[in-house]
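Novice: Sequence below, structure please.
(one chain, ligands or ions: 3)
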Amino acid sequence: MQSLKAQIDTNRLPNHIAIIMDGNGRWAKEKGQDRLFGHFQGVESVRNIVEGCAELGIGYLTLYAFSTENWGRPQDEVAGLMELLVQTIRKETETLNRNNIKLHVIGNLGMMPADAVSELNDCIAITANNTGLNLVMALSYSSRWELAEAAKRIAEEAKAGKIDPGSVTPDIFRHYLCTATFPDPELMIRTSGEYRISNFLLYQLAYAELYFTEVRWPDFRKENLYAAILDYQSRERRFGKTSEQIGQEINLTEN
Ligand code: IPE
Ligand code: IPE
Ligand code: MG
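Specialist: Ligands and ions are numbered 1, 2, ... in the order given. This next block holds a predicted model:
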């Protein structure tokens, strides 16, 4: 039996994978531990999956690490998560750089603690010229916040006469999102058996293939990633067309 990795068609990889890293708290509770222990273990999964994506040659990996709504969690959990973020970025910057990985952040950074923002900015600056995997961390992010910000900017530009409201198309609109320079994800993975989007990339996921697994995030490893990619490759992406049309398009590009 071929390994999962060997079964992946490297000519049809998703260029952008987005992941809702969920289940840290339950994973820890099931082991009789504190929720923060789960977040701590979750960092190991981040390392493993970033490495896995870089090895495969994936273009973009977006990780949902902290939502706008997560600010409403108990104070000690929020503080622990922010501390873990600062420590992890500090520790991993050199490895990211060595592996030619470029860090990006999307979200409302104005809500983040100053030391976290400064650590993130340092890492973004250090990795700015890298040309390998684009690692996008969604922090203090929510899609409705992002969409409202986009609407606000368009309205301001229209008011200032810089943009004609009649010219706003979906393609123009996307340039006002935090993800303006990234392609849309083709594959979205959510761990821990929850079947929802939780305010993540609502605009960008319009035609993404969704993959849900029961595996809690701290247990998610490269093999699980390969399984998700294989599942993605088994699907027919029709974009509103018929299966016959898609078949013809594939024939045309192959001939
Ligand atoms: C995901 O795990 C990490 C964050 C949201 C920061 P959770 O902390 O949501 O874990 P569960 O869903 O409660 O198990
Ligand atoms: C979504 O997970 C946010 C992140 C993984 C960062 P949550 O655990 O916060 O989502 P809900 O509350 O179950 O929808
Ligand atoms: Mg959760």
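
Novice: so is Val136 in a helix, a strand, or just coil?
Specialist: The assignment at Val136 comes out as strand when based on DSSP: H, G, I helix; E, B strand; the rest coil.

Novice: now it: how far from ligand 2?
Specialist: Distance, Val136 to ligand 2, by C-beta to the nearest ligand atom, to the nearest Å: 13 Å. C-beta coordinates here come from the backbone N, C-alpha and C atoms, glycine included.

Novice: show me the contacts for that residue.
Specialist: Val136 makes contact with 60-63, 104-106, 179, 182, according to C-beta atoms under 8 Å, 6 or more residues apart in numbering.

Novice: Filter the residues you listed down to the buried ones, ChimeraX style.
Specialist: ChimeraX command restricting the contacts of Val136 to the buried ones, with burial defined by 16 or more other C-beta atoms under 10 Å:
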select :60,61,62,63,104,105,106,179,182
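
Novice: Nearest to ligand 2 among the contacts of Val136?
Specialist: Leu63 (8.4 Å; C-beta to the nearest ligand atom).

Novice: Helix, strand, or coil at the closest one?
Specialist: Assignment for Leu63 (three-state DSSP): strand.

Novice: quick revisit: so which of the contacts of Val136 comes closest to Lys222?
Specialist: Using C-beta to C-beta, Leu61 comes nearest to Lys222 of the contacts of Val136, at 12.6 Å.

Novice: Pretty sure that closest one sits against Gly132.
Specialist: No. Using C-beta atoms under 8 Å, Leu61 makes no contact with Gly132, being 10.9 Å away.

Novice: Tell me the backbone dihedrals of the nearest residue to Tyr141 once chain neighbours are set aside, please.
Specialist: Leaving out its chain neighbours, the residue that sits closest to Tyr141 by C-beta to C-beta, 6 or more residues apart in numbering is Gly107, at 3.4 Å. Gly107 adopts backbone torsions of phi 140, psi 180, taken as degrees, to the nearest 10.

Novice: Next, count neighbours for Gly107.
Specialist: Counted by other C-beta atoms under 10 Å, the residues lying close to Gly107 total 22.

Novice: list the contacts for it?
Specialist: Contacts of Gly107 (C-beta under 8 Å, 6+ apart): 66, 68, 137-142, 178.

Novice: how about the helices in the stretch 101-250 of the chain?
Specialist: Under the criterion DSSP state H, counting those that start in this stretch, the stretch 101-250 of the chain contains helices at 114-126, 143-159, 170-173, 222-233, 243-254.

Novice: Can you say which of these is packed in most?
Specialist: helix 222-233 (a mean of 19; mean count of other C-beta atoms under 10 Å).

Novice: Give me the mean pLDDT for that one.
Specialist: Helix 222-233 shows a mean pLDDT of 98.

Novice: likewise stretch 245-255?
Specialist: pLDDT averaged over stretch 245-255 gives 88.

Novice: Get me the contact residues on the stretch 1-150 of the chain for ligand 2.
Specialist: The stretch 1-150 of the chain comes close to ligand 2 at residues 20-22, 64-67, 69-70, as judged by C-beta under 6 Å from any ligand atom.

Novice: per-residue pLDDT, the residue in the stretch 51-200 of the chain that ligand 2 sits nearest to?
Specialist: Among all residues of the stretch 51-200 of the chain, Ser198 sits closest to ligand 2, at 3.7 Å; criterion: C-beta to the nearest ligand atom. pLDDT recorded at Ser198 is 98.

Novice: again, but for the one 3 residues further on
Specialist: Leu201 is assigned a pLDDT of 99 by the prediction.

Novice: now do Glu119
Specialist: Confidence score, pLDDT, at Glu119: 98.

Novice: can you check the one 10 residues further on too?
Specialist: Per-residue confidence (pLDDT) for Asn129: 98.

Novice: Can you get me a residue count around it?
Specialist: Neighbourhood size, Asn129 [other C-beta under 10 Å]: 9.

Novice: quick one: contacts for it?
Specialist: Contacts of Asn129 by C-beta under 8 Å, 6+ apart are Lys102.

Novice: The stretch 151-255 of the chain against ligand 2: which residues are in contact?
Specialist: With C-beta under 6 Å from any ligand atom as the criterion, the stretch 151-255 of the chain meets ligand 2 at residues 194, 196, 198.
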